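> Sequence and predicted model, in that order:
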Amino acid sequence: MEIRVQRNELAKELQLVQGIVERKSSIPILSNVLCEARAGEVRIAATDLDVSLRCGCAAEVVEEGSVTLAAKKLYEIVRSLPENEVRLKLESDAWARIRCERVEFRMAGLPREEFPSLPEAPGGRGIEVPAALLRELVQRTAFAITAEDARYYLAGALLALDKEGAAMVATDGHRLAWAQRKATLKLDAPVRVLVPRKAISELARLIEEAGSEDSVSFHQGDGHLIFGIGGRTLASKQVEAQFPAFEKVIAVTGDKKVSVGREALQSAIRRVSLLSSDRGRAVKLGLDEGKLELQASSPEFGEARESLPVEYSGASVEIGFNAQYLLDFLGVVGGEQVAIELKDGESQGLLKPARDDAGEYRYVVMPMRF
């Protein structure tokens, strides 16, 4: 194997696979990337046995072949090289020589035969989903995915596709984010799949890299979910679990409704939460005639209070929420105004865009006790 490739192009592809590679795996080959030279390009692949990514770039292939090299170290080496042509040549015993101008490295690799086989997309055209649509769904829901691997049935986002559009929902048991977008999709039957947290994160990166003008091709088969975009292929094992029933949760409403400026509320929560308890980061919202008051306190530092003017004349209510949960929503919702619907101090609260006639975004948060 011998190739000549531009340093910036190779570095960009190597950077994309860094999130896939297992840094501390007990299986050495999983810390490596597979580099294959063929037909005018170098293909790069990485896997942790659950999620895999294949990408690549144009290259002058002097001699076809393949080798696996330490992913992190190879990326660091290529990134450090001058912005010029890089020559990579496979030598005996899986050693690789890397040259650029007056710089030279030799790296020990592992044979290609030790690298796991990767899932392939089934034959036929996949479901084409606009990248901009999928990007928005991920942005509005992924932050609510649980970080607890033991709760595997929540450690991902539920993706639903039908002929009229797409929806995504995620929850960690304390809050739930649901978003949908209308679009005309070509598919034979509705699809509902649970996409693991890591795959969601990597998919977001691929869409960001490829650009929102592209589309994502989705395939499902042989226990895997496969996404293709911009010449790159992301595959993930499908989580075989029953996602919690969420339809009744997002249908919740409250009789105490108010609209408030998004930026003003976001800034107020950030300020007030500076004196909230580190353990729960609780912020109390008090809704009363003409105002929304925010409070936080901690035994160690003191208390903070801020009032925002709102158009409200109903019954008063006080409720506590995790400040970060509110900030996560406010950071992605967009728009100038957000709507808050509350029932009482012990029931979940509903947040959504103030202008949401199509009902495309719902965020439900459980209250905290003070």
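Received it, and whenever you're ready, just let me know what you need. Residues are numbered from 1 along each chain as shown.
> For the protein, which residues score under the pLDDT cut-off?
358, 370 (pLDDT under 70).
> Can you list the helices and strands that the helix of greatest length in it packs against?
When every helix of the chain is counted residue by residue (DSSP state H), the longest turns out to be helix 197-210. When contacts are defined as 3 or more Cβ pairs under 8 Å, 6 or more residues apart in numbering; DSSP states H and E, helix 197-210 sits against helix 7-16, strand 51-58, helix 131-141, strand 156-162, strand 224-229, strand 232-237. C-beta coordinates here come from the backbone N, C-alpha and C atoms, glycine included.
> tell me which residues in the helix or strand following that helix are buried?
Next in sequence after helix 197-210, counting helices and strands by DSSP states H and E, comes strand 215-221. Under the neighbour-count criterion of 16 or more other Cβ atoms under 10 Å, strand 215-221 has 215-220 buried.
> With only the CA atoms kept, save the helix or strand where residue 98 lies in CSV.
Using DSSP H and E, residue 98 sits in strand 95-100. What follows is strand 95-100, C-alpha atoms only, in CSV (Å, rounded to 0.1, in the frame of the first residue of the first chain):
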residue,chain,number,x,y,z
TRP,A,95,4.8,-0.9,9.8
ALA,A,96,3.8,2.4,8.0
ARG,A,97,6.1,5.2,6.9
ILE,A,98,4.6,8.7,6.8
ARG,A,99,6.4,11.5,5.0
CYS,A,100,5.7,15.2,4.4
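> which residues does the nearest residue to residue 218 once chain neighbours are set aside contact?
Sequence neighbours aside, residue 127 is the residue nearest to residue 218 in space, at 4.5 Å (criterion: Cβ to Cβ, 6 or more residues apart in numbering). By Cβ atoms under 8 Å, 6 or more residues apart in numbering, the residues touching residue 127 are 161, 185-187, 191, 217-219.
> Can I get the residues you listed in TSV including distance to residue 345?
Converted to TSV, these look like this (distance: Cβ to Cβ, whole Å):
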residue	distance to residue 345
161	38
185	42
186	48
187	44
191	40
217	47
218	43
219	47
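> Specify which member of those residues is nearest to residue 44.
Distance to residue 44 across the contacts of residue 127 (Cβ to Cβ) is lowest for residue 217, with 19.4 Å.
> the strands in the stretch 51-200 of the chain, which residues?
Taking DSSP state E, counting those that start in this stretch to define them, one finds strands in the stretch 51-200 of the chain at 51-58, 60-63, 65-70, 85-90, 95-100, 103-108, 127-130, 156-162, 165-171, 175-182, 191-196.
> Tell me where the stretch 251-370 of the chain has helices.
For the stretch 251-370 of the chain, the helices defined by DSSP state H, counting those that start in this stretch cover 262-272, 323-330.
> quick revisit: flag every buried residue along the strand holding residue 98.
Quick answer for strand 95-100 (16+ other Cβ under 10 Å): 96, 98-100.
> Neighbouring strands - and their directions - for that strand?
Here strand 95-100 is paired, per DSSP bridges, with strand 85-90 (antiparallel), strand 103-108 (antiparallel).
> Just name the most buried of those.
Between the strands paired with strand 95-100, strand 85-90 has the highest mean count of neighbours, a mean of 20, where neighbours are mean count of other Cβ atoms under 10 Å.
> How about residue 353: what's its closest non-neighbour residue?
residue 335 (4.9 Å).
> quick one, what contacts the residue nearest to residue 190 when sequence neighbours are not counted?
Counting by Cβ to Cβ, 6+ apart, residue 190 lies nearest to residue 162, which is 4.3 Å off, once chain neighbours are set aside. By Cβ under 8 Å, 6+ apart, the contact set of residue 162 is 185, 187, 190-191.
> Mind doing that once more with 10 Å?
183, 185, 187, 189-192 (Cβ atoms under 10 Å, 6 or more residues apart in numbering).
> And for residue 244?
By Cβ under 10 Å, 6+ apart, residue 244 lies in contact with 153-154, 158, 169, 171, 173, 176.
> Go through stretch 340-357 and flag the buried ones.
340-343, 345, 348-354.
> you'd agree residue 135 is up against residue 200?
No - counting by Cβ atoms under 10 Å, residue 135 does not reach residue 200; the two are 11.3 Å apart.
> For the nearest residue to residue 43 once chain neighbours are set aside, the count of nearby residues, please.
Among residues not flanking residue 43 along the chain, residue 56 sits closest, at 4.0 Å (Cβ to Cβ, 6+ apart). Neighbour count for residue 56, taken as other Cβ atoms under 10 Å: 20.
> these two touch, right, residue 56 and residue 9?
Yes - at 9.4 Å, residue 56 and residue 9 qualify as touching, with contact defined as Cβ under 10 Å.
> Tell me how far residue 266 lies from residue 102.
From residue 266 across to residue 102, the span is 52 Å (Cβ to Cβ, to the nearest Å).
> who's more crowded, the two?
residue 266 (17 against 6).
> Residue 155 contacts residue 239, correct?
Yes - using Cβ under 10 Å, residue 155 is in contact with residue 239, at 7.5 Å.
> what do these two both touch?
Joint contacts of residue 155 and residue 239 (Cβ under 10 Å, 6+ apart) are 194, 196-197.
> Next up, the contacts around the residue most central in space within the chain.
Using Cα atoms, centre = their mean, the residue of the chain that lies closest to the mean C-alpha position is residue 201, 2.9 Å off. Applying Cβ under 10 Å, 6+ apart to residue 201 gives the contacts 19, 51, 138, 142, 145.
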